[in-house]
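Asks: after the sequence you'll find the predicted model.
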Amino acid sequence: MAAKYRRLTTHELEQLETHFIKFLAFYGISADFWETLKKDKPEEVLEMIDLFSDFVYDSTIKNITHLKVTTPKDIREIYCETDGMKIYGLEVADDCAINLTNPTYLEKIFNGELTEGVSIYSAEGAYKTARDRDIFEFLEIGFRASDGKLFELLKSLKSI
């Protein structure tokens, strides 16, 4: 059985070692038995890692309500509803010297001190596949979970 998302890397598994041990214990797998499996049945080991990976991603994704990504010329935040997404973003023109990864510029934009070459946009739509898969894909391309404050700020600025 292949992982629903992707197999966690060795580094990720190491960071989640305590949780992984509890996960194995839940399935009745002791440390000694795990060592035996690793030697004798590596395919079963990979299946358990895939199962744990799916558990980690499912547990994480179900709690995500907002995703955010920032580049020098664009900042976007997505509100992940049950049946679709809403996005608000702020972009600057290519010929504009503003760098959105610099908090000073963002503060000036939000205070109304910088407006030239700056635009706020919005969109909404259904998920392409399913909520969990789409959120996972956004995470894989660099989006990060967010508290939603930027979304609300951009939403309020867009309505002005």
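Replies: Good, I have the coordinates.
Asks: how does this structure divide into domains?
Replies: 10-61, 66-158 (automatic domain parsing).
Asks: quote the end-to-end distance of the first one.
Replies: Same thing as domain 10-61. Terminal residues of domain 10-61 are spaced 20 Å apart (Cα to Cα, to the nearest Å).
Asks: so which of the domains of the chain is nearest residue 3?
Replies: Closest to residue 3 of the domains of the chain, according to Cβ to Cβ: domain 10-61, at 3.9 Å. (Glycine included, C-beta is placed from N, CA and C.)
Asks: list the buried residues of the helix or strand where residue 150 lies.
Replies: Element membership of residue 150 [criterion: DSSP states H and E] is helix 149-158. Using 16 or more other Cβ atoms under 10 Å as the test for burial, helix 149-158 gives 150, 151, 153, 154, 155.
Asks: give me the mean pLDDT for it.
Replies: The average of the pLDDT scores along helix 149-158 is 90.
Asks: same check, this time on stretch 7-25
Replies: Across stretch 7-25, pLDDT averages out at 96.
Asks: any idea how far it is from the chain center?
Replies: 19 Å (Cα atoms, centre = their mean, to the nearest Å).
Asks: any idea how far the residue of the chain positioned farthest from its centre is from residue 109?
Replies: Relative to the mean C-alpha coordinate of the chain, counting by Cα atoms, centre = their mean, the farthest residue is residue 40 (35.8 Å). The spacing between residue 40 and residue 109, counted by Cβ to Cβ, to the nearest Å, is 60 Å.
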